[in-house]
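K.L.:
Turn this into a model:
(2 chains)
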Amino acid sequence: MTATHLDVGGDSVLQVPGPALEAGTGGTSVPARFRRRAFSVAFAAVATLSLLVLVLYPLITILIQSVFPDVFSVPASLAPSLGSFSRVFSTPEVYGSMLNTAWLGVAVAVLGTLVGAVVAVLVRNTDLPGRRVFDGLVWITLFTPSYLVALAWELLFSRGGFIDSTIAPLPDGVVNTIFSPVGLAAILTLRLFPFSYLAVSAALRGLGSEYEDAARMVGASPLRCWLRINGPLLAPALFAGGLIIFAEAISDYGTAATIAQQAGFNLVTYELYAAMNNAPVDFALTAALALILIVAIAVALMFQARLLRARSYQVITGRTRPARRLPLRAWRLPLTLLMSLFFVAALLLPLAATLAMSFMRNLGDGLVASNFTLANYQAALDAGGEALPAIERSAALAVGAATLAALLGAAVAFVVERTRVPGRAFLRLLTVVTLAIPGIVLAVGYIFAWNQPWMQNVFGFTPYGTIGLLLVAYVAEALPFSARLAGGALAQVGDHLLEAGRMAGATTAQLFRHIVLPVVATALLSTWMLNFTGTLFELPASELLQPAGEPPLSVQIINQYSHYRQGPGTAMTIVAIAIVAVAALLIAGAARAVRARGGKTHARRGF
Amino acid sequence: MPVEVSSLEKRFGTTVAAANVNFSLADGQLMALLGPSGSGKTTVLRMLAGLERPDAGTIAIHGTVVFDRRRDTAAENRDIGMVFQDYALWPHMTVAQNISFGLRLRRLSRQATAARVSEMLALVHLDGLDNRYPDQLSGGQQQRVAIARALASRPRLLLLDEPLSNLDAALREEMRIEMVRLLKAQGITTIYVTHDRIEALAMSDKIVVMRDGRVAQVGTPEELYARPSSAFIAGFLGAANFVAGDVRVGQDGLPAVHHGGWCLRGVAHLQLAERGMVLLRPEDGALFDEPESGEGGNQLAGNVVHSEYLGGRWRHVVEVTAEISLNVLTAQRAPATRVWVHFPIDRCLLLPETA
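P.N.:
Numbering: from 1, shown residues only, chains lettered A, B, ... in the order given. Below you'll find the model as predicted:
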């Protein structure tokens, strides 16, 4: 998944108190109550089991592997050792990747926070034209896979790339800067600034204009209002956004595997991939490195959660007067241009480069008529080739994973929000914690967990290397996020809504069908859509868990690029984007249909 | 005059928030801007504060023009204190920091600031709470901190935007009394926005009633209550029954409203046209089980369709005709189901008819 830490506004989404569904059982017959109870327990069992097996078990194997280096070997040994951790710090390559990752994380956090804050203030608090468009573009940026952007930048800025061959030869300095840690930080900043944007936007909405008005009434100038009142009040949101960006930056595998490699800049996420792929494989060291990455992310997110809860910063007023939009006056035009330029660089330029390349024979020959071809699409859609099977494979996997994750996520959310099953607090914690696990780490855990010798004897096969396990890994990656979104949607179905339905004579099944489903369905559909997109382009688990001879789409795209077959690679990308667009249209239509039918039902039944 | 507002105009898109607003205020007076929600009262207050820019008009404070066609003094330079509806206490500052913020901006020395903060805290009875954060205070305490903050730098004018609306009923009454005493003791000129007629009547020296962005009437509380300029004002300032009909002047020289055979006489302070309405206050009514003889008052016969006990008094709904249904407050139960309602003529007010 590309976006995992979406809860920029604190964990309010999860904190929805209220009596459970079972509370309204007064007056129902005993068997019905028993059935409902059995239903809840079964639900809870499925939800818990799926989280335990899909997410917790692989993570625990990482922990075990890191301190018991030979626990999964043949013969197995339970001899504990911290040697793996000392090897992490004494192997220059590994240690170097940690330093690089830390540097990159901090740089991107600072840059992304600033960019996100500026964009948020411009969009939320000024009369900038096209604010809604910019807001939509931020969301698209949030869900764009980082490796696709990075690959597009390679098309644009590499020696012999678009700019070089079509516009003007790029000076060495520019090329070297793009393919350097600086360029890497720039790409990640463009990718991750939305987290700061969302955090600051939420804070700006809560801030309103009254605090500023009150300051002006006791004599503070507008500048001083920002320095002494708005600034300090927005600071927690800035830091919180920065910490999420840090966590996302050090988790990112897409750029680590592409532009960072071009820049010769080794990062932890790539080191994890390489360590599992290059002989001799040091499982213990890989596990230790994964654990260190998890801890770094966890620490960042813990600070973020604490910041959002800090009491002295709580904004107490309920009704806030919406902030006055600052007139930009003479700055209106230049700032609009600047913002447009920014999104051109972040989104439009990479997309345009990918699209153009997909119709070209040779990158180096530039944008000339003689270079035009449809061969890339023929290759991409050739039933006998390698591209189409990969597209079909990933599309099927994405449909499966999106559906399973959305349903399981809804089950988990239902158990957490609407039942009194014991252990639901643990379940909630688990979804929060696993939101933060990078895809590459989960994939490493999957190798440890599902590649064990005893499985051959027990199951008759080893799950690792099967397409089934890849599907399960995709589900695991999408599950925490799905549970989060479903939880937010379920929270909208207030207890009074259900109680009113019950008073009108609805059974549990009718409540679910006529009240819960129409309200939650839209959220489920959009969750499905996000899962589908995320899985279709998923890279880290695809790389590590792909079955032999059956590469997923993302792996195939990367392979094409690395063999200088950018034409077919971009054509595949465009085809996949088209699939996403069609799916989005279908889902939007379905959401409209559900809303319309739900509304009609309500009217007829008088609910 | 400490405050003079003339011809103030403000539009938001096509909505008229304020049109031709005029009023003035004497030194130390407490004035209420009263009106239903959406009447433009808060907009007028914010224009006085400098937080909203008028489209036209003039605002002068203590003889200094702060807004006209050429001037627009920034809010921070108008020397006005303001208490916001939600108090807007800065949540990242302690009580003392909230109060001292404006003082420090005025480059008051550290000692002088501390002294003034203590003085203000004592004034609002919050001594010792200097280091609390706003979220550690009750609603009433927050409100007092907001007043202390607004008064700390000795402004020339104090503006309050529905400061009691966020308090519960019991506390609201208590704070109302305390606030009037405090403001009167400070002698500060105050403008106060409210939609609560009781608050406006009880607190103010002067009331400006607003409706649809216009000033409907200006006067002392007693003037407005006794001589409302329209049925709207009469109804807004207190419970009221209206009976509309043709206006004729009787033999005794008193004008009367004729409606369905009933003749209701009263006093008029406004020019009446052919049609008019008579205002009958519920508390002026009395119920009898037979018609009163003599020339004492207006009488209407009707059926008591509903009675409710309000503690110490009763409210009755008396249906006279299908169109006339009267609210009457009495100390006793209704004497019968078929009653005669009696209103003294000198308490009945004749007003021009409005829709």
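K.L.:
Every contact and neighbour count from this point should use C-alpha atoms.
P.N.:
Will do.
K.L.:
what's the pLDDT at residue 320?
P.N.:
The chain I'm using is chain A. We note a pLDDT of 54 for residue A:320 in this prediction.
K.L.:
other chain: chain B
P.N.:
92.
K.L.:
and it, how many neighbours?
P.N.:
19 (other CA atoms under 10 Å in any protein chain shown).
K.L.:
Now it. Nearest residue, chain neighbours left out?
P.N.:
residue B:302 (4.1 Å; CA to CA, 6 or more residues apart in numbering or on different chains).
K.L.:
so after the regular element (helix or strand) spanning the one you found, what's the next helix or strand?
P.N.:
For residue B:302, the element it lies in under DSSP states H and E is strand B:297-309. Going down the chain from strand B:297-309, the next helix or strand is strand B:314-319, by DSSP H and E.
K.L.:
Give the full set of residues in contact with the residue nearest to residue B:320.
P.N.:
Going by CA atoms under 8 Å, 6 or more residues apart in numbering or on different chains, residue B:302 touches B:318-321, B:338-341.
K.L.:
From residue A:326, how far off is the closest residue to chain B within chain A?
P.N.:
Residue of chain A nearest chain B, by CA to the nearest CA: residue A:219 (3.9 Å). Separation of residue A:219 from residue A:326 (CA to CA, to the nearest Å) stands at 19 Å.
K.L.:
Number of residues surrounding residue A:510?
P.N.:
Look at residue A:510: counted by other CA under 10 Å, it has 14 neighbours.
K.L.:
Can you list the buried residues in the helix or strand containing it?
P.N.:
Secondary-structure assignment from DSSP H and E places residue A:510 in helix A:508-511. For helix A:508-511, the neighbour count (16 or more other CA atoms under 10 Å in any protein chain shown) marks A:508, A:511 as buried.
K.L.:
higher neighbour count, residue A:219 and residue A:326?
P.N.:
More neighbours surround residue A:219 than the other of residue A:219 and residue A:326, with 26 against 13 (other CA under 10 Å).
K.L.:
how far away is the residue nearest to that one when sequence neighbours are not counted from residue A:222?
P.N.:
Of all residues not flanking residue A:219 in the chain, residue B:76 sits nearest, at 3.9 Å (CA to CA, 6+ apart). Here residue B:76 is placed at a distance of 9 Å from residue A:222 (CA to CA).
K.L.:
Pick out whichever of those two has more residues nearby.
P.N.:
Legend: neighbour count by other CA under 10 Å for residue B:76 and residue A:222, higher for residue B:76 (22 against 16).
K.L.:
thought that one was touching residue A:221?
P.N.:
Yes: the criterion here is CA atoms under 8 Å, and residue B:76 meets it with residue A:221 at 6.3 Å.
K.L.:
Tell me the spacing between the residue nearest to residue B:320 and residue B:310.
P.N.:
22 Å.
K.L.:
I'd guessed the residue of chain A closest to chain B sits against residue B:81; true?
P.N.:
No: applying CA under 8 Å as the test, residue A:219 and residue B:81 come out as separate, 9.4 Å apart.
K.L.:
which residues in the stretch 51-200 of chain B form strands?
P.N.:
B:56-61, B:64-67, B:80-83, B:157-161, B:190-194 (DSSP state E, counting those that start in this stretch).
K.L.:
Is it possible to get a markdown table of those strands that adds distance to residue A:379, mean pLDDT and mean neighbour count?
P.N.:
Below are the strands of the stretch 51-200 of chain B laid out as a markdown table (distance: least, CA to CA, whole Å; pLDDT from 0 to 100; neighbours: other CA atoms under 10 Å in any protein chain shown):
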| stretch | distance to residue A:379 | mean pLDDT | mean neighbour count |
| --- | --- | --- | --- |
| strand B:56-61 | 70 | 95 | 20 |
| strand B:64-67 | 72 | 94 | 18 |
| strand B:80-83 | 71 | 94 | 28 |
| strand B:157-161 | 70 | 94 | 23 |
| strand B:190-194 | 73 | 95 | 25 |
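K.L.:
Residue A:335 sits in which helix or strand?
P.N.:
helix A:332-343.
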